[in-house]
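[1] Okay, here's the prediction I keep looking at, along with the sequence it came from:
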Amino acid sequence: MKIQALSPLLQRPFQPLFPPLSLGFTFKPSFLTPTKHAPLHSSFILFSRSSRSVKFRPSFATVTETEGVVIDDGDTEPGFVNDGDNELGFVNIGYISSVHGIQGEIRVKPATDFPELRFATPGRRWLKSKVLGGQSIQEVELEEGREHPGLKSWILKFRGIDTVEQAKMLIGSTLLVTKEDRPELEEGEFYTHDLIGMKVFMKENGTLVGTVINVFNSGANDLLQIALDSSFDMLDKSGKSKSAGTDVSYQLVLVPFVEAIVPDVDMKRREMHITPPKGLLELNLRFDGRSKKERRQLEWKERKKFQKRLISAKKKLSEMEQKHVFQGYHHGEKDQWSLLSDQIVSVNSKLLQEALQSLERPAKRWTIAELTSAIEAKLINSIQLSEEYLSNGSENKLVRDMQEKGHKLMSEGKMATVFLLNEKEHQGNIYDSNFVENEAVDTSILQMFQKIKGRVSVPLILVSSAQQILSLRDLFTSNNYFAFDSGKVWFLEEEKLPVVSSLPEGQNKYKILMKSPWEILQSPVGSGGLISLVSKHGIADNLIDMGVEYIELCCPSEKIAGGNSLLLGLVESREAKIGMQIRPTITDSEKYFDVILSMDFVKKLQSNKLQFDAIPRAHSCVEKVDKEWVTVTTSTPNSFELSCSIYSSLNACSLDKVCIVEVTE
């Protein structure tokens, strides 16, 4: 399908919203947002999904603020700026990203949690811009503003700015308000910036832990980044005391900013007390017994290794005629170049090539309806059970025997379970913002981790987005891994592939789209991406060495909690390669799936090519046109998301090696 691109008149110049951070993991700094402590419920560390705030308790909350000569990020409210000798402090509330229309209006990307106050209320504002290598701050008068929900931005009109040419001169400027103009906080609230520099002590014995140096938002909750004090007697990751002479100064740990872990914050004394669960501080500890010289040598080796990977990745993308991805290196700052390098290295070029090639040779796409038809045609072995049987147990001896066989195999560690928790495939997972109020979701979570019998023997793989992994680790740590063996639990970031233009540039040439000059527009691969993940991390070989013979993939829900002993027993009894539990009444096969694959078939899939689907989507992206970055927006599909379903594995297996449990109403 050919999609007409927007005309140059409708293409908007692009400017980045925030300078990205390079931390080795994907976090948004919480000084972008006002934060609140989050309460603990039902022995879980529960996190809000709100990207703007995290609830602690009504009487105790924080709102972020950061001071400095250079604006950092966010009116939450950070970014005090001092211009030369000017003592007046400013707060960053947004970036002017483009012009809007022909009447001198501009579009602002918000960096504030008070958009109505900042952008809809007329009055004085200030603009910070770069002039001749320096910085200039000038006063402007906001006449009116309105929200543009579709683009998550605001349209503003300044007095005296009446033409497109005048408005273009403001692109890239930072919009400011004075420090004194910050909203008054409610009783018990404080700005996040006030947390930075606070001393941290253990509540139980008053031991000095370290100093808060930053606050991040992981997408689930706020995290305190603490620089350890040299006197703190930290254990290493194995639980042993640190070796003599090991200096933990400046080593960094992350602590969730929740009431159960940070019960006391004393603003007057500039200190807080923490009660971390056992192992939490060691979870992300990086110190070891090596000297500074040895650590520097190791860091240098890691940088050299990364450079080699970057060179290799750039070469592969060049061979795929995707050199436009590198254009961001000619713009921006060091952190942005680092972000682009990380993005380039993260591209699975082999998987991308396979996905693009599969668009030219479409194979059979299996759906629930297709499987039902194959069952009716007796091409696939199956058994049919009612929902009541699954809930209350079956009186059928054959079914009971298969369940017992499956339980035995699981207790012997013969099956590993994979939970796919990424948002694209499962919107109602444990990171839902309504979790603490939603009893059904709470029950689903308990079932998901506690229903599996003999958990200590079951290897577990959890696949989620990068933003969720740390929270997921914290959840397991604080709950003693739900009785699973911690040495047999893996936390993997979901496989992603670039989004490509739906307009081929030449034969079989699809252009990778850019979210910004330094970010590749990407989307999750889907359930079939698990095959690539276990191969990339060498997990399949590890599982085989452990004696695992089957691997279960499921998207947990109120109906699916993993550990499907019946399906496992059926697969073993029929000597099948693939087992699936389906509900003919459910059409969304990617939202509710429970699939078991034999490990020898998983190894076969690793060497075979899975089938990908090109899902049409409308995506905003940036392009470089006449040496200028422009934002291209469209309401009609202009791109393909490359997606792979685990059901595509059926194309690599003869149907007589497939068995299905069909659940009826």
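    Cool, got the structure.
[2] Please pull out the lowest mean pLDDT helix or strand from the protein.
    strand 28-29 (a mean of 33; mean pLDDT, DSSP states H and E).
[3] low pLDDT regions in the stretch 1-150 of the chain?
    Applying pLDDT under 70 to the stretch 1-150 of the chain picks out residues 1-88, 130-134, 150.
[4] 90 instead, please
    Scanning the stretch 1-150 of the chain for pLDDT under 90 picks out 1-95, 97-98, 100-102, 109-117, 128-137, 148-150.
[5] ditto for the stretch 251-400 of the chain
    Flagging of the stretch 251-400 of the chain using pLDDT under 90 yields the residue ranges 251-260, 262-268, 277-299, 330-336, 350, 353-400.
[6] Just the strands from it, written as ranges.
    Using DSSP state E, counting those that start in this stretch, the strands found in the stretch 251-400 of the chain span residues 252-256, 264-266, 271-274, 381-386.
[7] highest average neighbour count across these?
    Between the strands of the stretch 251-400 of the chain, strand 252-256 has the highest mean count of neighbours, a mean of 23, where neighbours are mean count of other C-beta atoms under 10 Å. (Glycine included, C-beta is placed from N, CA and C.)
[8] Might you quantify the distance of that one from its chain's geometric centre?
    For strand 252-256, the separation from the chain centroid amounts to 18 Å (computed by C-alpha atoms, centre = their mean, to the nearest Å).
[9] what does stretch 637-653 give?
    For stretch 637-653, the distance to the chain centre is 21 Å (C-alpha atoms, centre = their mean).
[10] Kindly state the beta-bridge partners for the nearest residue to Y481 once chain neighbours are set aside.
    In space, Y481 comes closest to V489 once its chain neighbours are excluded; the distance is 6.3 Å by C-beta to C-beta, 6 or more residues apart in numbering. Note on V489: beta-bridge partners by DSSP bridges are L460.
[11] Would you check that V489 makes contact with V456?
    No: when contacts are counted by C-beta atoms under 8 Å, V489 is not listed as touching V456 (11.0 Å).
[12] Could you identify the longest strand within the protein?
    Counting by DSSP state E, the longest strand found in the chain is strand 134-148.
[13] If you count neighbours, what's buried in it?
    Applying a neighbour-count criterion of 16 or more other C-beta atoms under 10 Å, one finds 135, 137, 140, 142, 145 buried in strand 134-148.
[14] Parallel or antiparallel, list what pairs with the helix or strand following it.
    Sequence-wise, the next helix or strand downstream of strand 134-148 (DSSP states H and E) is strand 153-158. When pairs are called by DSSP bridges, strand 153-158 turns out to pair with strand 105-110 (antiparallel), strand 134-148 (antiparallel).
[15] what does the shortest one rub up against?
    Contact with strand 105-110 is made by 12, 17, 75, 93-100, 118-119, 148, 151-158, 161, 167, 170-171, 175, as judged by C-beta atoms under 8 Å, 6 or more residues apart in numbering.
[16] Give me the distance between that strand and the centre of its chain.
    26 Å.
[17] please renumber so the chain begins at 69
    Shifting the count to begin at 69 puts that one at strand 173-178.
[18] Tabulate the CA atom coordinates of it in PDB.
    Output in PDB follows, covering the C-alpha atoms of strand 173-178 (Å, rounded to 0.1, in the frame of the first residue of the first chain):
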ATOM      1  CA  GLU A 173       1.600  30.400  17.000                       C
ATOM      2  CA  ILE A 174       4.200  27.900  18.400                       C
ATOM      3  CA  ARG A 175       3.900  24.300  19.700                       C
ATOM      4  CA  VAL A 176       5.400  23.500  23.100                       C
ATOM      5  CA  LYS A 177       6.400  20.100  24.400                       C
ATOM      6  CA  PRO A 178       5.600  20.300  28.100                       C
END
